[in-house]
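S.K.: can you look at this prediction? I've put the sequence above it.
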Amino acid sequence: MNFSIDLLPQERRNRLNRLPYLLGAAGLFLVISALLIILFIMVKSSVHELDEKIVKSTEARDTVLAEITARRTGVTEYNFVDKYNKIHGFLNGIYKNPVTIKEDLYKLLPEGGSVSNYTFENTGVLSMTALFQTKEAAAIYLQQLLEADFVTEAKVTSISLNTETNLYEAYFEATVVTLEGEQQ
Amino acid sequence: MKLESLLKEKILIIVIAILVAFSGIFYFAILRPLAAEKAEKEADLQRIEADTTSYEKVLQSLEPQTMTEAEKQELFQGIPGRPNIEEVIKDIEKAEGETGTSVSAISFQTESDEETQAEVTTTADGTVEQDQWSTLFPESIYKLLEERVSEVKEFTVSYNDVQISLNGSDEDINEFVDKLVQLPRVFHIQNVTYSLNSEKGNMDATITARMFYCEAFQAVFK
């Protein structure tokens, strides 16, 4: 028994059928490629537009910033009150009143004590010649100076009797705090 | 016919392969980085616009500090734009009259006299430039103030020293010094010397005070 199979028509049919699919696929990828190119052109154009906007915005920002800097730099009509108050506040609040310091030092004098010479510098260095009826009074005053919060250093360098007045003249050297709110 | 069809198929397959390769390479090598660049630029633009908006708000808040000339004169009494020596003399005379002291001498020393000395010292050392603020204070005081000075260093402040010799009671001289300190003009008492005048039975005193002016403020008046 013989069988005869003719495969040729089917093969040809298969081959003929693949061509449209391939064409379709080619067309599809062509469209995709075209879309990608269009997309590229659009994105490229957007980037270009963005570049231009960035340049303009940067210029605008820099202009505003330059104006702020100009108004803030140096003394201008926009800041003179603030700047003045800043510097005035600083310069006016450095030293304690020297009269207050002197009065505080005089308050420490024992009864009968007085000062004939007083020299004060704003660095805090001072010297004075105080007159006492006794040497002990000079010692008491030195002790008072050493115990005072605003006095950082004190010493007596000489005590001598003035025969005319019959008073002891004591020469003191001290260092006091002259800055506001600070311990020197 | 059969060969022609095969050839067409092969061409189509090659075309498809080329298109696929092109699309892939184009997307990954060109389009995606470009899209990333676009996103980055958009973010940059937003940041710049946000900065601009915030700077504009700051700019709007910087209003001119308007004042009349009289108000300005009053404000700048403490640290005027020029030495105003004439005002200082008036102030001293007023304080003298109010306290009952007797001023025998007033002398002024300008900053330029002291600057000359400072320049010579600097040249001789051949070292660093002079800090203008360090000349305003004694060295030991400047060291303590250095941090606070840094906040106002943008200003160039000049000064004049005035030395006043006077006579009066201890209390009157105290009051005189106190009046100088309390004046609207900023005075730094540099040193004070009281000494007993046994002939008159009161005190002689010498006061050295430093007063400041800032030429930068003079421009506001103009």
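M.R.: Arrived safely, thanks for sending.
S.K.: center of chain B - which residue?
M.R.: In chain B, the residue lying closest to the centroid (C-alpha atoms, centre = their mean) is residue B:154, at 2.8 Å.
S.K.: pLDDT score for the nearest residue to it once chain neighbours are set aside?
M.R.: For residue B:154, ignoring the flanking residues on the chain, the nearest one in space by C-beta to C-beta, 6 or more residues apart in numbering or on different chains is residue A:74 at 7.8 Å. C-betas here are computed from N, CA, C, even on glycine. Note for residue A:74: predicted pLDDT of 81.
S.K.: so residue A:74, which of the three states?
M.R.: Under DSSP: H, G, I helix; E, B strand; the rest coil, residue A:74 falls in the coil class.
S.K.: kindly report the same for residue B:49.
M.R.: helix.
S.K.: is it true that it touches residue A:58?
M.R.: No - with contact defined as C-beta atoms under 8 Å, residue B:49 does not reach residue A:58; the gap is 10.1 Å.
S.K.: in chain B, what helix or strand scores lowest on average pLDDT?
M.R.: Ranked by mean pLDDT, DSSP states H and E, the weakest helix or strand in chain B is helix B:111-125, scoring a mean of 54.
S.K.: and the next element down the chain from it?
M.R.: Next helix or strand after helix B:111-125 toward the C-terminus (DSSP states H and E): helix B:139-149.
S.K.: outside of that next one itself, list whatever touches it.
M.R.: For helix B:139-149, the surrounding residues in contact (C-beta atoms under 8 Å, 6 or more residues apart in numbering or on different chains) are A:90, A:94, A:122-124, A:178-179, A:182, A:184, B:133-134, B:136-137.
S.K.: out of those, who's nearest residue B:93?
M.R.: Among the contacts of helix B:139-149, residue A:122 lies closest to residue B:93 (C-beta to C-beta), at 24.1 Å.
S.K.: where do the helices of chain A begin and end?
M.R.: Under the criterion DSSP state H, helices of chain A are mapped to A:8-72, A:80-92, A:98-107, A:135-147.
S.K.: whoops, I mixed them up, chain B
M.R.: Going by DSSP H, chain B shows helices at B:2-25, B:32-61, B:69-75, B:85-99, B:111-125, B:139-149, B:170-182, B:215-221.
S.K.: most packed of those helices?
M.R.: Burial of the helices of chain B is given as mean neighbour count (mean count of other C-beta atoms under 10 Å in any protein chain shown); helix B:170-182 ranks first at a mean of 20.
S.K.: okay, angle between that one and helix A:98-107 too, please.
M.R.: 150 degrees (axes from the mean of the first three to the mean of the last three C-alpha atoms, to 10 degrees).
S.K.: could you list the residues in contact with helix B:170-182?
M.R.: A:97-99, A:102-103, B:91-92, B:95-96, B:98-101, B:166, B:168, B:187, B:189, B:192, B:194, B:202-203, B:205, B:207, B:209.
S.K.: so how far is that helix off the chain centroid?
M.R.: 32 Å (C-alpha atoms, centre = their mean, to the nearest Å).
S.K.: give me the angle between that helix and helix A:80-92.
M.R.: 150 degrees.
S.K.: wait, residue A:153 touches residue A:174, no?
M.R.: Yes - using C-beta under 8 Å, residue A:153 makes contact with residue A:174 at a distance of 6.2 Å.
S.K.: and those two? Which one has more around it.
M.R.: Set side by side, residue A:153 and residue A:174 show more neighbours around residue A:174, with 22 against 12, by other C-beta atoms under 10 Å in any protein chain shown.
S.K.: if we can go back for a sec, which among the contacts of helix B:170-182 end up buried?
M.R.: Those of the contacts of helix B:170-182 that meet the buried threshold are A:97-99, A:102, B:91-92, B:95-96, B:99, B:101, B:166, B:168, B:187, B:189, B:192, B:194, B:202-203, B:205, B:207, B:209, by 16 or more other C-beta atoms under 10 Å in any protein chain shown.
S.K.: contacts for the longest strand along chain A?
M.R.: Scanning chain A for the strand with the most residues, using DSSP state E, yields strand A:151-162. Contacts of strand A:151-162 with the rest of the structure, by C-beta under 8 Å, 6+ apart, involve A:105, A:124, A:131, A:135, A:138-139, A:142, A:145-146, A:167-177, A:183-184.
S.K.: so in that sheet, which strands flank it, and in what orientation?
M.R.: According to DSSP bridges, strand A:151-162 forms sheet pairs with strand A:167-176 (antiparallel).
S.K.: now do the buried residues in the strand it pairs with.
M.R.: So strand A:167-176, judged by 16+ other C-beta under 10 Å, has buried residues A:167, A:168, A:169, A:170, A:171, A:172, A:174, A:175, A:176.
S.K.: angle of it against helix B:139-149?
M.R.: 30 degrees.
S.K.: what residues are up against residue B:210?
M.R.: Counting by C-beta under 8 Å, 6+ apart, the residues that residue B:210 touches are B:136, B:159, B:160, B:161, B:162, B:187, B:188, B:190.
S.K.: who's the fourth one bridged to?
M.R.: According to DSSP bridges, residue B:109, residue B:210 are recorded as the beta-bridge partners of residue B:161.
S.K.: low pLDDT regions in chain A?
M.R.: Scanning chain A for pLDDT under 70 picks out A:1-16, A:182-184.
S.K.: same thing but at 90, please
M.R.: A:1-23, A:71-86, A:164-165, A:180-184 (pLDDT under 90).
S.K.: cool, chain B as well?
M.R.: Ranges of chain B meeting pLDDT under 90: B:1-12, B:62-77, B:81, B:110-135, B:139-140, B:143-157, B:198-201, B:214-222.
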